[in-house]
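Colleague: fold the following for me, if possible:
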Amino acid sequence: MKMRRAFCLLGVFLVGTLLSGVNSRPATAQELLNVGFVDLVRVRDEYGAYQTALAQIKQNKEREQGDLDEMVSNFDKQVKNYELKEGLIPEEEQKIELEGLKQKYETLAETHQNMSRQLEDKSRQALKPLLDQMKVAIEQVSAAQGYHLIFWKKDLAYSDPRLDITQKVLDVLNN
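Modeller: Okay, here's the model as predicted:
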């Protein structure tokens, strides 16, 4: 994390140094480089479409978890039924029933993995366009306001609140 900040600061310095060679007169850092930052956490929290997508993802996850819980409950009943009959039925039947339970368990575990993977893929597919829209909104605000560099707020140890373009980005996204 410290290395990342050091590289960011080095980049700002280098860009400032390069831009100072463009002007024939000495210029202030403000004239050379217009820098801002975005609070991505706030953007995610206050971007309506993103929150709607998260709510849909949560609803899908809860529905699929309910389906999985029902399958697990049915499997548990089958195991308890087997345990009740264990020792009361011939050993050959026990082996066959136990093998069937093992196969059902493997199928259940595989189903769980597939459901988790599919839910993750659906979540990614739903959120990717919204994250792309966030990036475009940041680029639009930056271009309109003449910013050269935009940082994530989480990467800054300190910043002047006047450099925060978060609300402008939210205005673009929510309109």
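Colleague: for the protein, which residues score under the pLDDT cut-off?
Modeller: In the predicted model of the chain, residues 1-31 satisfy pLDDT under 70.
Colleague: now with 90?
Modeller: Applying pLDDT under 90 to the chain flags the ranges 1-33, 67-69, 71-101, 104, 108-109, 155, 175.
Colleague: strands along that one, start to end?
Modeller: Taking DSSP state E as the test, the strands found in the chain are 35-38, 149-152.
Colleague: most tightly packed of these?
Modeller: Greatest average neighbour count among the strands of the chain goes to strand 35-38 (a mean of 22), per mean count of other CB atoms under 10 Å. Heads up, the C-betas are built off the backbone N, CA and C, glycines and all.
Colleague: name the helices or strands packed onto that one?
Modeller: Counting contacts by 3 or more CB pairs under 8 Å, 6 or more residues apart in numbering; DSSP states H and E, strand 35-38 is packed against helix 91-145, strand 149-152, helix 166-174.
Colleague: export those to JSON lines and tack on distance to Lys58?
Modeller: Conversion of these to JSON lines gives the following (distance: least, CB to CB, whole Å):
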{"stretch": "helix 91-145", "distance to Lys58": "10"}
{"stretch": "strand 149-152", "distance to Lys58": "25"}
{"stretch": "helix 166-174", "distance to Lys58": "21"}
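Colleague: among the ones you listed, which is nearest Ala49?
Modeller: Between Ala49 and the helices and strands packed on strand 35-38, the shortest gap by CB to CB is with helix 91-145, which sits at 5.7 Å.
Colleague: now that closest one, how far from the centre of its chain.
Modeller: Taking the mean C-alpha point of helix 91-145 and that of its whole chain, the gap between them comes to 13 Å (CA atoms, centre = their mean, to the nearest Å).
Colleague: please report how far Gln167 lies from Gly36.
Modeller: 11 Å (CB to CB, to the nearest Å).
Colleague: kindly report the same for Lys77.
Modeller: 60 Å.
Colleague: residue at max distance from the center of the protein?
Modeller: Taking CA atoms, centre = their mean as the measure, the residue most remote from the mean C-alpha position of the chain is Pro90, 53.6 Å away.
Colleague: next, that one: phi, psi?
Modeller: Pro90 has phi and psi values of phi -60, psi 150 when expressed as degrees, to the nearest 10.
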